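Peer 1: need a structure here:
(one chain, ligands or ions: 1)
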Amino acid sequence: MKPAAFTYHRAHDVTDAVGLLTDLAAAGEDPKLIAGGQSLMPMMNFRLARPSALVDLGPLRRMPSMTALDAEAGTLTLGALVTHHAVETATLPDGFAVLARAMRWVGHLPIRSRGTVAGSLVHGDATAEWCLLALLLDAVVVTEGPSGRREIPADELFHGFYATAVEPDEVVVEVRFTRPAPHAALSEFARRHGDFAIVDAAVALDLDGDVTPEQVSGGRVVLGGVAPAPVRVPEAEAVLAAGGAPGPELFAAVADAAAAAIDPPNDPQVTAAYRRRLTRTLVADACAQAAGGPR
Ligand SMILES: Cc1cc2nc3c(=O)[nH]c(=O)nc-3n(C[C@H](O)[C@H](O)[C@H](O)COP(=O)(O)OP(=O)(O)OC[C@H]3O[C@@H](n4cnc5c(N)ncnc54)[C@H](O)[C@@H]3O)c2cc1C
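Peer 2: Sure thing, here's the model as predicted:
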């Protein structure tokens, strides 16, 4: 399939991109930004998306801030055009290595070499690894729009099925990850390597190293593929907060709580019961990996 007809516009900087989006919309067009094109182009080729104008962010790659990975005071800031592969191959500061490890689950190398952090978050697929990681590590999405700069915390970002709080006339300029998690992991199940996950689970454990043996004192559990958007699971996090020794017994209790708390979709391809079973397995697996040592 080929996309419906569209006009093509190259943005030279962020102000230019915002201006193009605003002017095209005022002229009755339906413009869309394109970054790596790894989600938008397939959707256009299948005619699931029919923007009448594309505003290409490609030229903004020469702006250092758009491709930078900066760490400062427990925060990791990624420019909007940082690719999945750049993260996969970076040496990330303490507490953020889970981001690099999770990238191997994202598509294949050509997709990871072109697809961007911001593109993935704005696309808002409920199983996208970046969407889960944003909730796990308290990401803040920074946008520029006609009314200026705006910061959107991850827990306000996802509005449902492929819907986010980023407005059509806003450009994401950076994503800040503000919650380092040295004991964290993402686990998932897909039919074939490189496919989107059916269900994925990201877990961060708070380990109290002042006591011997080390005890779990809290943590975070995030799931994809069980609701229209990625979700935290307070019921499973409550089990972690109650504490205990990091081991199969505690992790099975966390996994059971997560599986019991969700109301996953039931479709002809994948039943709700199967998604629930996957959830139990993947949460326990992510817990075990997360407890495996500081990363
Ligand atoms: C075969 C295949 C397998 C894949 N498997 C996976 C997978 O397993 N896991 C996964 O997470 N992803 C997967 N992807 C998707 C891939 O990760 C995409 O790169 C990503 O979802 C979108 O990033 P992009 O830069 O390509 O965005 P684009 O496709 O260019 O854009 C996506 C959306 O984001 C908007 N956008 C892009 N940049 C900005 C910005 N800076 N500000 C505001 N809006 C913006 C666009 O307007 C568009 O709506 C797969 C893709 C393919 C083709």
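Peer 1: Packing partners of the longest helix seen in the chain?
Peer 2: Scanning the chain for the helix with the most residues, using DSSP state H, yields helix 272-290. Helices and strands touching helix 272-290, by 3 or more Cβ pairs under 8 Å, 6 or more residues apart in numbering; DSSP states H and E, are strand 184-189, strand 199-208, strand 215-224, helix 248-261. Glycine gets a C-beta too; all of them are placed from N, C-alpha and C.
Peer 1: Export those as TSV, with columns for mean pLDDT and mean neighbour count.
Peer 2: Below are these laid out as TSV (pLDDT from 0 to 100; neighbours: other Cβ atoms under 10 Å):
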stretch	mean pLDDT	mean neighbour count
strand 184-189	98	24
strand 199-208	96	25
strand 215-224	97	23
helix 248-261	98	19
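Peer 1: so can I have JSON lines of these showing distance to Val283?
Peer 2: Output for those, formatted as JSON lines (distance: least, Cβ to Cβ, whole Å):
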{"stretch": "strand 184-189", "distance to Val283": "8"}
{"stretch": "strand 199-208", "distance to Val283": "5"}
{"stretch": "strand 215-224", "distance to Val283": "6"}
{"stretch": "helix 248-261", "distance to Val283": "4"}
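Peer 1: Spell out the secondary structure type for His12.
Peer 2: Here His12 is recorded as coil under DSSP: H, G, I helix; E, B strand; the rest coil.
Peer 1: Do you have the helices of this protein handy? List them.
Peer 2: 14-26, 40-45, 84-88, 97-102, 109-114, 117-123, 129-136, 234-242, 248-261, 272-290.
Peer 1: I'd like to know which of the ones you listed is closest to the ligand.
Peer 2: helix 117-123 (2.3 Å; Cβ to the nearest ligand atom).
Peer 1: chain center to the closest one: distance?
Peer 2: Distance of helix 117-123 from the chain centroid (Cα atoms, centre = their mean, to the nearest Å) equals 7 Å.
Peer 1: same question for it, mean pLDDT?
Peer 2: Mean per-residue pLDDT for helix 117-123: 98.
Peer 1: Point out the other helices and strands that that helix packs with.
Peer 2: Packed against helix 117-123, as judged by 3+ Cβ pairs under 8 Å, 6+ apart, are the following elements: helix 84-88, helix 129-136, strand 139-145, strand 171-177.
Peer 1: winner for burial among these?
Peer 2: Most buried of those by mean neighbour count (mean count of other Cβ atoms under 10 Å) is helix 129-136; its value is a mean of 26.
Peer 1: so it versus strand 215-224, what angle?
Peer 2: Interaxial angle, helix 129-136 versus strand 215-224 (axes from the mean of the first three to the mean of the last three Cα atoms, to 10 degrees): 140 degrees.
Peer 1: Helix 129-136 and the ligand in contact?
Peer 2: Yes: residues of helix 129-136 are located near the ligand by Cβ under 6 Å from any ligand atom, namely 129-130.
Peer 1: quick one: that helix to strand 184-189, angle?
Peer 2: Going by the same axes, to 10 degrees, helix 129-136 is angled at 140 degrees with respect to strand 184-189.
Peer 1: which residues touch helix 129-136?
Peer 2: Residues outside helix 129-136 that contact it (Cβ atoms under 8 Å, 6 or more residues apart in numbering): 84, 98-99, 102-103, 105-106, 117, 120-121, 124-125, 139, 141, 154-155, 157-158, 175, 177, 179, 181, 184, 186, 188, 197, 200-204, 220, 222-224, 229-232.
Peer 1: Just the C-alphas of that helix, formatted as CSV.
Peer 2: What follows is helix 129-136, C-alpha atoms only, in CSV (Å, rounded to 0.1, in the frame of the first residue of the first chain):
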residue,chain,number,x,y,z
GLU,A,129,8.8,-0.2,25.8
TRP,A,130,9.4,3.6,26.1
CYS,A,131,5.8,4.1,27.4
LEU,A,132,6.4,1.6,30.2
LEU,A,133,9.8,3.0,31.0
ALA,A,134,8.4,6.5,31.2
LEU,A,135,6.0,5.4,33.9
LEU,A,136,8.7,3.4,35.7
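Peer 1: before we move on, back to that, give me whichever of the helices of the chain is most buried.
Peer 2: helix 129-136 (a mean of 26).
Peer 1: What's the mean pLDDT across that one?
Peer 2: For helix 129-136, the mean per-residue pLDDT is 98.
Peer 1: hang on, the earlier thing: looking at the helices of the chain, which is nearest to Leu33?
Peer 2: Between Leu33 and the helices of the chain, the tightest spacing by Cβ to Cβ is seen for helix 14-26, at 6.7 Å.
Peer 1: average pLDDT for the closest one?
Peer 2: Mean predicted lDDT for helix 14-26 stands at 98.
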